[in-house]
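Peer 1: Just the structure for this:
(chains A, B, C and D)
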Protein chains: 4
Amino acid sequence: MPGVPPTRFVYLGPEGTFSEQALRTVPAADRGVLTPARSVPEALDALRAGEADAALVPLENSIGGQVGVTLDELANGEPLIITREVVLPVQFVLAAADDRSLDSIRSVAAHPQASAQCRRWLREHVPQATVVDVLSNATAAIGAGTGEFDAAVCAAIGATRYKLHVLAKDIADNPDAVTRFALVSRPGPPPPPTGDDLTTLAVYIAHDRVGALLAVLTELSVRGVNLTRIESRPTGERLGRYVFFLDCGGHVAEAQMGEALQGLRRICADVRFLGSYPRASNGDPPPRRAPGLSDDDFTDAARWLAQLRTGT
Amino acid sequence: MPGVPPTRFVYLGPEGTFSEQALRTVPAADRGVLTPARSVPEALDALRAGEADAALVPLENSIGGQVGVTLDELANGEPLIITREVVLPVQFVLAAADDRSLDSIRSVAAHPQASAQCRRWLREHVPQATVVDVLSNATAAIGAGTGEFDAAVCAAIGATRYKLHVLAKDIADNPDAVTRFALVSRPGPPPPPTGDDLTTLAVYIAHDRVGALLAVLTELSVRGVNLTRIESRPTGERLGRYVFFLDCGGHVAEAQMGEALQGLRRICADVRFLGSYPRASNGDPPPRRAPGLSDDDFTDAARWLAQLRTGT
Amino acid sequence: MPGVPPTRFVYLGPEGTFSEQALRTVPAADRGVLTPARSVPEALDALRAGEADAALVPLENSIGGQVGVTLDELANGEPLIITREVVLPVQFVLAAADDRSLDSIRSVAAHPQASAQCRRWLREHVPQATVVDVLSNATAAIGAGTGEFDAAVCAAIGATRYKLHVLAKDIADNPDAVTRFALVSRPGPPPPPTGDDLTTLAVYIAHDRVGALLAVLTELSVRGVNLTRIESRPTGERLGRYVFFLDCGGHVAEAQMGEALQGLRRICADVRFLGSYPRASNGDPPPRRAPGLSDDDFTDAARWLAQLRTGT
Amino acid sequence: MPGVPPTRFVYLGPEGTFSEQALRTVPAADRGVLTPARSVPEALDALRAGEADAALVPLENSIGGQVGVTLDELANGEPLIITREVVLPVQFVLAAADDRSLDSIRSVAAHPQASAQCRRWLREHVPQATVVDVLSNATAAIGAGTGEFDAAVCAAIGATRYKLHVLAKDIADNPDAVTRFALVSRPGPPPPPTGDDLTTLAVYIAHDRVGALLAVLTELSVRGVNLTRIESRPTGERLGRYVFFLDCGGHVAEAQMGEALQGLRRICADVRFLGSYPRASNGDPPPRRAPGLSDDDFTDAARWLAQLRTGT
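Peer 2: Reported below is the predicted structural model:
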């Protein structure tokens, strides 16, 4: 029901990963039931089936880029909308079943993206260790817990959950790496505009030509709608057919975004609205609108048009 | 009063010119009072002062181009709007006080634009005659009537009014030349849309730069509004400062024109609305809209947006 | 012959008009032969026929706008190019056959554009006088000289030539009014770039649609070529067919203008090059280029491309 | 040395994956030495270090999308260029250590992307089996060979190499799925144009704003350069900073591509050229150029400009 906060949450599991950590930053999750899913499709299917009220899944990482499976799942199947974004610093730890010296470590379990992000640290601090690829950060933690591996690269929450000793903190080569997650719901009224919102769209263009993409960007540009992200994903039909995911500054309830969305709807083969939600602050001020493109300018222009139409 | 047809008409005189002929094609003029004015400013001042209900003035000629004084008068002073356009074939006659042979003609009075449009005919048929510049077509007819000149190049209506003999008809070198006139009123509700209308605007851009004009055209283009005419006139401040007169396909009451007008209002230094009125048919079918830019497409997009906003 | 300054000049007569005054600002005219022509077509025909080496004709006035006949003559017939522009303040005088009081003046001869530009002054200083339209500023001066009219509105040079007394100077309502003239030659190498030049073009677009004009402006915009003037003139075929006259900042010899011209040549139905010549200073600094669009940026990009092509 | 075909090839291993299969379609690889690398970075580092003459790495899959690590490695480090693309149908097989009935299979090893692409087939034909995620298609084949798993989803070449029995062929849900690979070299002259080539670029824009991306697309569009792919990758600095990978129709040696590249070089923060190479035919005819944008149009425009500059 609109207005009722979700109480049943599903997230990309297993327990002890960054997704759980991201979900725990959402206030309503404190009093809710949190269930891990084995995969993004499973999480979103549970939401679509009504088994959960909201799902938390990763969208992109500032090092690793897009999370293709999430984008694909949002673009296909029953419509869902993003109601919140969570941007989480990705701080990796090196953890082991007991407190031991780094010199003594011979094998380190790590998800390939995690070891990639910690490559320099691992080379400097545990040069003698073999890095073994595993399928998730939680798998790595479990493997260290059982002694299959001497240590694991994992999230802090994973070390806690699997009762590991943290041997080193903040071991990522880029200390500013973040992952961006989406809290997703079944369709309903979007959260109210805050003055600094994002709107996410999946856009299909008739032909994957420069002209068609130019037309899409022009629809945004003439309304002063800024584009903060553009990702392409294959539609699966063949090479060269893409769906574009756009993150635009603004909210569907605002005049300029409304006009831009109508423009896209008219010229695109298809547009799927994936939600308007508050931008997670990164410390930057919200972007300023160009002259003539403020809310007041839209209001003034609408009033002027009404006068022209009645001749007053 | 809106809806009441005008009864007092003023037009660019003197009597017996193409302007009177154009005005007589307007049905309401049959039962109205028609008064010539000495100039376009005088005609429009009479309208502004409430001494007339409508004024008929020339806008452009297919050979001679813009009628600058009309454009300047519409852009400045109290706002007026065009409610109708009249496109009149410009058929010149050679007329004289009595029926005489072409060989006997030694002098021909003509307005410079008229003699320019009949240059080839005059050279072939009255090569012996001197062409004397006069200030209007009616002045030429009057001069032929008084015998000051042997003959005059004038409009058929001028020959009739000044009781001249028509020595030759259709003497313009380009038989398809036309003049376009505007019937102008004080502001009021525009005539209802017909499905094939024009909207005329005077547009001031902040800086006379390629970027600013590009932005104006883009506002039209993204809404599928076609531009059938663009004229520039100096604003009088200095060289390089222009006001642009645009004729756009569509009506202020229509969704796409409304959106385009609001866009121009937002980005331009000033926009003066000069009326929406039926296009005078030139035999061409009305231009088709590009895909995604029909009225239905606008209606569909508005409905879709409403659904997104309520989450239904 | 290229490089040899012109010695035989023709200009829009009669003698004693602003055109002669403008021509006398051209250094080579001091030692040349100056011949008035009865009209712009006559002046340019004399040039085309080899009877003159250069012609001086008016292009536009900051109050009256385009001089249509000049634009039409440059767009049609044998190609000619502009080699110099002259911008002349339009300072009108009131002159009479003898020194007399303003109170005593009953009739003033004036070209309609001249009386329009002095309307306020005439109303305030000679309210009792009838203003009589005549066909040129020189005709007005001649009429005052013969006593046909009590006074004339004319150029200072006209008062001098026809030996009139100047009763009042600087009588134009707008003291900053200027007329812009072009010095025209038969085709040849353009004058060398000065760093602040203009290039004039006549551009025909396939269809007079917003999209086609947008494409023209885009070709300029992407090369950072600024547009300082755009005029439309009918092609004469029918209403709604125009040729556009563009004044662009830059010189045909420069890389960015060269690229822009090639772009226009490719997409337009026709482009006629009407010359590159130094901009007449109006006191403003030359416009700055946007980032990435300086000559150095063009040179750097060309060098980079050459390296890519050879793989070095 | 330019012109000398490469003889030492490195490819994304292990042996028996689609990368090896793709490399074996390159004629020169027949007579060359082929070495597997453990990862894309390792393959490209070997190339940069001079230990190999060419590297074959995956770029994108028509189902799974971009191969982020390849894009990142091409955008960073010492420049490399693509000299050839290989598009390979992705045909999966189900293979086992010996010939056995599908009913008897209890566990299937598969790389997560492989099992995702065969989901429907597996559900229909081996519903009783548990699918176990492993880290590569080759790992799956090895696991089936050792008996750790009853069967593996892998490439045909993997079944051959690890001496497995193929139980079922063409088991992918989408029979048209393909992977696109790049053959990469150290910088040198690109292969000659064939009339149907692609050029790949990595483009950094000053600010990730709609206006900047619009400007990039406009540079391509005005030269008639078509865009067949656009991918974004994070630059790693922070969320919202991207590098764009563009595949454009045309060859660096051609006039229009040359002009477009220079335009991008001027307006972008940085452009890295990643090669011009023949398009792998997908059966479609090469795209036609828009009017005015053929090679002949470029040649004609260059000749015209040369004439304008000399005044001939």
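
Peer 1: Let me know the secondary structure of the most centrally placed residue in chain A.
Peer 2: The C-alpha lying nearest the average C-alpha coordinate of chain A belongs to A:Leu59 (C-alpha atoms, centre = their mean; 2.7 Å). Using DSSP: H, G, I helix; E, B strand; the rest coil as the criterion, the local structure at A:Leu59 reads strand.

Peer 1: so it touches A:Val86, yeah?
Peer 2: No: using C-beta atoms under 8 Å, A:Leu59 makes no contact with A:Val86, being 9.5 Å away. For every residue, glycine as well, the C-beta is placed using N, CA and C.

Peer 1: what is in contact with these two at once?
Peer 2: Overlap between the neighbourhoods of A:Leu59 and A:Val86 consists of A:180-182, taking contacts as C-beta atoms under 8 Å, 6 or more residues apart in numbering or on different chains.

Peer 1: so what's A:Ala202 bridging to?
Peer 2: Taking DSSP bridges as the rule, A:Ala202 bridges to A:Phe245, A:Arg272.

Peer 1: Relative to A:Leu80, how far out is it?
Peer 2: Distance of A:Ala202 to A:Leu80, computed by C-beta to C-beta, to the nearest Å: 11 Å.

Peer 1: Next: A:Cys248.
Peer 2: Between A:Cys248 and A:Leu80 the distance, using C-beta to C-beta, works out to 18 Å.

Peer 1: repeat for A:Arg233
Peer 2: 16 Å.

Peer 1: Could you do A:Val93 as well?
Peer 2: In this structure, A:Val93 and A:Leu80 are separated by 33 Å, where distance is defined by C-beta to C-beta.

Peer 1: Who has more neighbours out of these two?
Peer 2: Between A:Val93 and A:Leu80, counting by other C-beta atoms under 10 Å in any protein chain shown, A:Val93 is the more crowded of the two (25 against 22).

Peer 1: And for that one, nearest residue in space, chain neighbours not counted?
Peer 2: With C-beta to C-beta, 6 or more residues apart in numbering or on different chains as the criterion, A:Val93 has its nearest non-adjacent residue at 4.8 Å, and that residue is A:Val166.

Peer 1: Which secondary structure elements does the one helix or strand A:Val166 maps to sit against?
Peer 2: Under the assignment given by DSSP states H and E, the secondary-structure element containing A:Val166 is strand A:165-168. Secondary structure elements in contact with strand A:165-168, counted by 3 or more C-beta pairs under 8 Å, 6 or more residues apart in numbering or on different chains; DSSP states H and E, are strand A:92-96, helix A:156-161.

Peer 1: could the ones you listed be laid out in JSON lines, adding mean pLDDT?
Peer 2: What follows is the helices and strands packed on strand A:165-168, written out as JSON lines (pLDDT from 0 to 100):
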{"stretch": "strand A:92-96", "mean pLDDT": "96"}
{"stretch": "helix A:156-161", "mean pLDDT": "92"}
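
Peer 1: Go through these and pick out the most buried.
Peer 2: strand A:92-96 (a mean of 26; mean count of other C-beta atoms under 10 Å in any protein chain shown).

Peer 1: The very next helix or strand once past it near chain D at all?
Peer 2: On the C-terminal side of strand A:92-96, the closest following helix or strand by DSSP H and E is strand A:107-110. No: if you take C-beta under 8 Å from any C-beta of the partner chain as the test, strand A:107-110 misses chain D, and the best it gets is 11.7 Å.

Peer 1: Is it correct that A:Ile267 is in contact with A:Thr218?
Peer 2: No: counting by C-beta under 8 Å, A:Ile267 stays clear of A:Thr218, with 9.2 Å between them.

Peer 1: Pick out whichever of those two has more residues nearby.
Peer 2: Just comparing A:Ile267 and A:Thr218: by other C-beta under 10 Å the higher neighbour count belongs to A:Ile267, 24 against 19.
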